[in-house]
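1. Generate coordinates for the sequence data below:
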Amino acid sequence: HAAMPANKFEAQRADLEDLCKRRFFFRQAFDIYGGTAGFFTYGPPGCAVKNNLIALWRRHFVIEENLMEVEDTNIMPEPVLKASGHVDRFSDFMVKDSKRPELFYRADKLLEDHMEKLLQGKDVTPEQATEYQTVLNMADAYDGKELAAVLQKYNVRSPETGNELSEPYPFNLMFPTDIGPSGLIKGYLRPETAQGIFINYPFCYEQNGGAIPFGVAQIGKAFRNEIAPRQGLLRQREFTQAEIEFFCAPGAKPHPKFHLVADLELSLFSSKLQLAAEAPARVRLGTAVAEGLIDNETLGYFIGRTFLLGTRAGIAEAHIRFRQHLPTEMAHYASDCWDMEVEMSYGWIECVGIADRSAFDLTAHANATNRELSAREKLPEPIKELRYALDKKASVAMMKELKKDGKSVLAHLEGLPPDELRALAAKAKEAGSVEVTVCDKTFTLAAAHLEGKDEERTVHERTFVPNVVEPSFGIDRLLTAIYEHAYYVREDAGDKEEKGKRAVLRLLPEVAPYKCVVCPLDARVTAKYGDLLATLRAKFAELGVPYKVDDSGASVGKRYARNDELGIPFGITVDFDTFEESKPALHQTVTLRERDSMGQLRVPVAQVPQLISQVCLGAESWEGLCKRYPTQETALAAGAGGDASDPMAYLRKFQVEQLLETVVQEAVASRPEDPIQFIAEKLRAMPPPGLWGATRPDGPRPVCRQAAVGCVPAVHLARGAAGCGGCAGLPVSWAHPAAAVRAAPGCQGEGNHAIVMSIDGGRVARDSG
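-> Residues are numbered from 1 along each chain as shown. Presented below is the predicted three-dimensional model:
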């Protein structure tokens, strides 16, 4: 069995990390004090890229999905996180070196690393490879006992000393803190932003007019005391989350916009494929939902929208997959969970989690606070239904038996569907008792606690605890994916004076830290471009376009290279021709360079800010600009005597303006029912542009004498009489429908015939010489 090939991003990791540190995209926090693991500081370009990604996330979700947004606190009192389950269960399993207890490791990550090494062994059989891959897939799904057994089975030892490891034990990841000077109020730095949304649900529900469904977003810091932070931005102790809680009615959970993403074909790594150690499969999203692979449309919709955000931000589609949580790692209350994983230099990394959390969180906080966190929905028509209701005597007995938990259990029972409560009571009557679980606590209820009877009620509305579909984004992990997928090195960047390899960040304009860099050609230009630069600065500021100015003494090639490292998509070079009035084709124009193609266009300086803004907003593209503006070489070749840098010069070359004016006048005169179609047909009937100035087989075509008074050759010379060797020399079948050009009898060529041009019967020109 051959060793597994190295990850395609792994070879460039060291160079990319060096670039990010050297150009201060980010670096370890408290660097001058030696740094502390798990904390990073973003520098100017990194901060800009991160803010641009967050702004893109807001446009993609908050604006396009019409979500509400809240901002809750970073510190939370203990009761909030006790109710959510974080105080008791928010932990990872840790192991220590048996002889050096100061060395400790996160157990599941240690197991993953060990299994990857085993998979790369030379003598691994196919059966062993399947076994190792299955254990690798299951690593973070084992409980403590299972993890201990697996670590022992595969003889996993301390990576630094080779010593045996301790038994795995849970380590709570939250940072505790005291609130207030007395220290009597215990709190924690929040481990996620989601709880700040759940506890503000009733106020958002009210803001939404009491309507369901709706979504609430929050972006902010989260804090986790990671056991062994590593891998740069991927595993930090302080990081940025962007989360959505989409509240919807329980049941099928349809989504009105699912059809917009249904045809996306995604790489889905189902739990079934993982347990069989098979590869992910390409599946149409609509098919995955229809066949039940993805539980419901709302969950599927956010999976699709998450994929589109990733590709829009610059993550390569071929390196994105969605992994379904295994049954053993999925919370008991969740109906389905998928992670968007991105392949990077450290392997497949979870960047986004998308989970259907049912009604767990709202129910937990409702029970802890004795507040109703539900929704009401009016029925189209009142209905009569038979509901199983607990007897008052049974309710009192249960409250007395369960004491402080009685109220939450009673609320849970009364919130069950009638058939489910009736079945529960029947089961208790048959068995003598029954167990129910409320907020992760299990209670035993006697048959007497569930006695009741069916009552017919007229129902005008239904009350329910909303279910929640939660997409949770790790912004810093997405940034890592963007950097790794954007980084490449190219040979000889095209500048003759600067040969060799150059690193480039191919960041998309929407997330790039700066959209352009302004470079004067050299110091002589720097001395005279102050007014022009001031104009550009003002216009960029007005349009909200971030930019840099690089007027250092380095060559233009070197300046291009160092700004390519920053991922800046466009460069603006101001040269001597920009100020040369004797060269009207180049005067007040600049060179606009595109980073990836290194193509250069000559563009009027007044148009540059708007064009760059349009490209960054997606309203224009570099390819579109290439069709509108001349290349740098074409413009310079035109020089002082040309107008090639004028975007209208190309059109004037073929008299397009005059032709359009002619057919538009015809349309005005004729008043057809469909003027657009009329104009299009007239233009379509014109001879090919290449024939307007074509060279005849017997030599160059003579110049029409009417050109001096505004002749339109494409019309004037459209038809020549049969055998005419003069102006047109074109067959009659190429005639323009709006013109009739007749050669005088006995025409022998130029200077020996008369030409009369008429449009719609009106004679407009005559040349008889």
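
2. all contacts plus neighbour counts: C-alpha atoms, from now on.
-> Fine.

3. which SSE is residue 661 in?
-> When elements are assigned from DSSP states H and E, residue 661 belongs to helix 656-670.

4. Can you give me the buried ones in that helix?
-> Applying a neighbour-count criterion of 16 or more other Cα atoms under 10 Å, the buried positions in helix 656-670 are 656, 658-659, 662-664, 666-667.

5. what pLDDT, on average, does the helix or strand that comes right after it get?
-> If you walk from helix 656-670 toward the C-terminus, the next helix or strand you reach (DSSP H and E) is helix 675-684. Confidence over helix 675-684 (mean pLDDT, whole number) is 88.

6. what sits up against helix 675-684?
-> Defining contact as Cα atoms under 8 Å, 6 or more residues apart in numbering, one finds that helix 675-684 is touched by 663-664, 667, 672, 737.

7. want to throw the buried residues of helix 656-670 into TSV with pLDDT and distance to residue 557?
-> Formatted as TSV, the buried residues of helix 656-670 follow (pLDDT from 0 to 100; distance: Cα to Cα, whole Å):
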residue	pLDDT	distance to residue 557
656	77	39
658	73	43
659	80	44
662	83	48
663	88	49
664	89	48
666	88	53
667	88	53
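
8. so which pair among those is furthest apart in space?
-> Largest separation among those by Cα to Cα: 656 and 667, giving 16.4 Å.

9. ok so, going back, with respect to residue 566, which of the contacts of helix 675-684 is nearest?
-> Distance to residue 566 across the contacts of helix 675-684 (Cα to Cα) is lowest for residue 664, with 49.3 Å.

10. separation between the closest one and residue 685?
-> In this structure, residue 664 and residue 685 are 14 Å apart, going by Cα to Cα, to the nearest Å.

11. in the stretch 201-350 of the chain, which spans are strands?
-> In the stretch 201-350 of the chain, the strands defined using DSSP state E, counting those that start in this stretch lie at 214-223, 238-248, 265-269, 281-284, 320-324, 336-344, 347-356.

12. about what we covered before: what two of the contacts of helix 675-684 have the greatest distance between them?
-> Those two in the contacts of helix 675-684 that are separated most widely, counting by Cα to Cα, are 672 and 737, at 15.7 Å.

13. helices and strands around the helix holding residue 661, which ones?
-> helix 675-684 (3 or more Cα pairs under 8 Å, 6 or more residues apart in numbering; DSSP states H and E).

14. in the helix it packs on, what's buried?
-> For helix 675-684, burial by neighbour count (16+ other Cα under 10 Å) applies to 678-679, 682.

15. which secondary structure element contains residue 400?
-> Judged by DSSP H and E, residue 400 forms part of helix 392-402.

16. List the neighbours of that helix that are in contact with it.
-> With Cα under 8 Å, 6+ apart, helix 392-402 has contacts from 405-407, 410, 445, 448-452.

17. Dump it to PDB, restricted to CA.
-> Backbone C-alpha positions of helix 392-402 (Å, rounded to 0.1, in the frame of the first residue of the first chain) are rendered in PDB as follows:
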ATOM      1  CA  LYS A 392     -55.600  18.400  38.200                       C
ATOM      2  CA  LYS A 393     -55.000  15.800  40.900                       C
ATOM      3  CA  ALA A 394     -52.300  14.100  38.700                       C
ATOM      4  CA  SER A 395     -50.600  17.400  38.100                       C
ATOM      5  CA  VAL A 396     -50.500  18.300  41.800                       C
ATOM      6  CA  ALA A 397     -49.100  14.900  42.700                       C
ATOM      7  CA  MET A 398     -46.400  15.200  40.100                       C
ATOM      8  CA  MET A 399     -45.400  18.700  41.200                       C
ATOM      9  CA  LYS A 400     -45.200  17.500  44.800                       C
ATOM     10  CA  GLU A 401     -43.100  14.500  43.800                       C
ATOM     11  CA  LEU A 402     -40.600  16.300  41.600                       C
END
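
18. centre of the chain versus that helix, how much separation?
-> 53 Å (Cα atoms, centre = their mean, to the nearest Å).

19. If anything else comes up later, I'll come back, but that's it for now.
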